[in-house]
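Peer 1: Sequence plus predicted model, see below.
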Amino acid sequence: MHCRQLVLLGVLLLFQLRPIQPSGLNRFNFSDAFYQDPSGLFNPAAVWNPAVGWVAVFRWDRCFYQRCGIHHTGTAPLLSVCGKDARAPDLQAASDNYSVWSFEPKALNKLKRANEASTATSADLRLFNFGGEVLAGHWMKFGWAAKEAPAQHKCWSDGWGDPHSCEYTAISRLNFQKRQLELLYQFRVPIIGTTYRSEKNWAFLERGDRLSILYSMLPCTAIFTYDPASTKGAVFEKGLCYADPDQTIASATGLQLSSARLSGNPVPWTHHAANSSGADMHAPGSLDFYMQASEPTRELLGMVHARQGRHDYAHWALRLDADSLAITHISTRPVLQSKSYSDLGGYFAGVLIVGSFHEIWTPDGQQVLRLLIGEGDQYSAWEDVPLADIDWTTMPHPFEAQSEDEVLAFDWKNRQ
């Protein structure tokens, strides 16, 4: 398939894309070989790190499970450093300069032995910074071949009713010298109680010298602090719970709070004009840029999604107070929705997964929310949403839960 160049106002060449797809989404310019049935390269995510530059990661399945059986073997992630320009990732570099990574073999084998498992796979990495390093929160699955999971490993299943597997969320460090992922911690799901809903994709946020974990966003933002010394790997900090008894929020936005799921990690929102020339400019959205910007508004941008039908995924933008992590606003309409596009591709047409999102300033000074999207569990794509075009609905003040039991009680009451 031929490629073309997208030039933003003839000033800065940022991307090289496939010809415009019928879906309207902009697909990454990887070789067609990555997308040949039964394989796929999808669920991209990226982060800016001052020491490394833009880092992007992709899930690469060489044998998609519906074509290979429930015990398909997942492959290692594909990773690319996408340029040093702080203003935006160079997505052309993603397809020109990539490498296949793996988990550190000894650690992975040790994990398999500890879990009495015959297989261990991982996917859907969500990148974030912590202590100057690039870390990843990700899904992890252990399999037991022909036998069911041992009794001590009865845990969250992937929804396919497979008794031979067990799923977790984990944190790993990216070792750029070895091109390996070094597992730091494996969490059980759910991390809160035993009856709270199971969340596959958590959000991670560096806050000073601590790492905050957002296990869920709505109707309760369950906030933990990463602590590997704890028996759960994390200590409960607080819960911020939002009630919508009169369906005011649901009517205004189309989102039932109880159906919302996290999409990617929150990012700082700078709220002011950027220097499009790049002179003396930090990365938009980075903590450094955020703290040194003139008159920062101390807000974060977040996202949640919900299935509105079998083939309709909708994503809403959120505004959060950077100090309390309270949600102050939600977009009045979805900023990304499957039904807005025609002929979406992939094995699950209509499934749109946002792996990460970024505040980007285009050369003409326009502030956009750049979404990195997994299309149909087969393709990698991206889309720009002008932040000025988003209308916001104010969220009610949250009830602050001081214990996990209060979060569980609130959740149970608001699901009746």
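Peer 2: Nice, I can see it. Treat the numbers as computed from the prediction; the structure is a model and nothing was measured.

Peer 1: Can you tell me the centre-most residue of this protein?
Peer 2: Nearest to the centroid of the C-alpha atoms of the chain, with distances taken as C-alpha atoms, centre = their mean, sits Gly264, at 2.6 Å.

Peer 1: ok so that one is a helix residue?
Peer 2: No - assessed with DSSP: H, G, I helix; E, B strand; the rest coil, Gly264 is coil; it does not lie in a helix.

Peer 1: Return the backbone torsion pair for it.
Peer 2: Main-chain dihedrals, Gly264, degrees, to the nearest 10: phi 70, psi 180.

Peer 1: So for the host helix or strand of Ser95, what gets flagged as buried?
Peer 2: Remark: Ser95 resides in helix 91-96, with elements defined by DSSP states H and E. Of the residues in helix 91-96, those buried under the neighbour-count criterion (16 or more other C-beta atoms under 10 Å) are 91-95. Heads up, the C-betas are built off the backbone N, CA and C, glycines and all.

Peer 1: quick revisit: distance of the residue nearest to the centre of the chain relative to Ala33?
Peer 2: In this structure, Gly264 and Ala33 are separated by 28 Å, where distance is defined by C-beta to C-beta, to the nearest Å.

Peer 1: go on, Phe176?
Peer 2: For Phe176, the distance to Ala33 under the criterion C-beta to C-beta works out to 25 Å.

Peer 1: wait, isn't Asp312 in contact with Leu336?
Peer 2: No - with contacts defined as C-beta atoms under 8 Å, Asp312 does not count as touching Leu336, sitting 11.2 Å away.

Peer 1: Which one's more surrounded, those two?
Peer 2: Taking neighbours as other C-beta atoms under 10 Å, Asp312 and Leu336 compare with Leu336 leading, 23 against 16.

Peer 1: Contacts only, for the more buried one.
Peer 2: If a contact means C-beta atoms under 8 Å, 6 or more residues apart in numbering, then Leu336 has 313-315, 352, 354, 371, 373, 383, 385 as its contacts.

Peer 1: let's go with 6 Å and repeat that
Peer 2: The contact partners of Leu336, taken as C-beta atoms under 6 Å, 6 or more residues apart in numbering, are 315, 371.

Peer 1: confidence score at it?
Peer 2: Leu336 carries a pLDDT value of 96.

Peer 1: any idea what sits nearest the residue nearest to the centre of the chain, other than its immediate chain neighbours?
Peer 2: Beyond its immediate neighbours in the sequence, the residue positioned closest to Gly264 (C-beta to C-beta, 6 or more residues apart in numbering) is Ser356, lying 4.6 Å away.

Peer 1: and the one you found, backbone torsions?
Peer 2: Listed backbone geometry of Ser356 is phi -160, psi 160, with angles given as degrees, to the nearest 10.

Peer 1: number of nearby residues for it?
Peer 2: Ser356 - counted by other C-beta under 10 Å - has 26 other residues nearby.

Peer 1: All the helices of this protein, in order from the start?
Peer 2: Here the chain has its helices, by DSSP state H, at 65-68, 91-96, 105-114, 248-253, 287-292, 404-413.

Peer 1: I'd guessed the residue nearest to Gly264 sits against Ala45; true?
Peer 2: Yes - judged on C-beta atoms under 6 Å, Ser356 makes contact with Ala45 at a distance of 4.1 Å.

Peer 1: which residues are common contacts for the two?
Peer 2: Leu372.

Peer 1: what's the pLDDT at Cys166?
Peer 2: According to the model's per-residue confidence, Cys166 sits at a pLDDT of 73.

Peer 1: er, Ala274 actually
Peer 2: Here the pLDDT value assigned to Ala274 is 41.

Peer 1: Which pLDDT does the model give Ser118?
Peer 2: Listed pLDDT for Ser118 reads 77.

Peer 1: err, Glu237, not the other one
Peer 2: At Glu237, the predicted lDDT confidence score is 96.

Peer 1: Measure how buried it is and give me the count.
Peer 2: The number of residues packed around Glu237, counting by other C-beta under 10 Å, is 14.

Peer 1: Contact partners for it?
Peer 2: Glu237 makes contacts with 223-225, as judged by C-beta under 6 Å, 6+ apart.

Peer 1: okay, those residues in TSV with neighbour count next?
Peer 2: Converted to TSV, those look like this (neighbours: other C-beta atoms under 10 Å):
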residue	neighbour count
Ile223	23
Phe224	24
Thr225	15
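
Peer 1: Looking at those, which is nearest Asn115?
Peer 2: Distances from the contacts of Glu237 to Asn115 were compared by C-beta to C-beta; the smallest belongs to Phe224, at 22.6 Å.

Peer 1: And Gly132, how far from Arg173?
Peer 2: For Gly132, the distance to Arg173 equals 11 Å [C-beta to C-beta].

Peer 1: Cys166 too?
Peer 2: 23 Å.

Peer 1: same question, Phe128
Peer 2: 11 Å.

Peer 1: Determine the residues that are contacts of both of the two.
Peer 2: For the pair Phe128 and Arg173, residues contacting each of them under the criterion C-beta under 6 Å, 6+ apart are Leu135.

Peer 1: ok, the two, which is more surrounded?
Peer 2: Phe128 (23 against 17).

Peer 1: returning to that earlier point: which helices and strands sit right next to the helix holding Ser95?
Peer 2: Counting contacts by 3 or more C-beta pairs under 6 Å, 6 or more residues apart in numbering; DSSP states H and E, helix 91-96 is packed against strand 12-17.

Peer 1: how about a cut-off of 8 Å?
Peer 2: strand 12-17, strand 53-61, strand 78-81 (3 or more C-beta pairs under 8 Å, 6 or more residues apart in numbering; DSSP states H and E).
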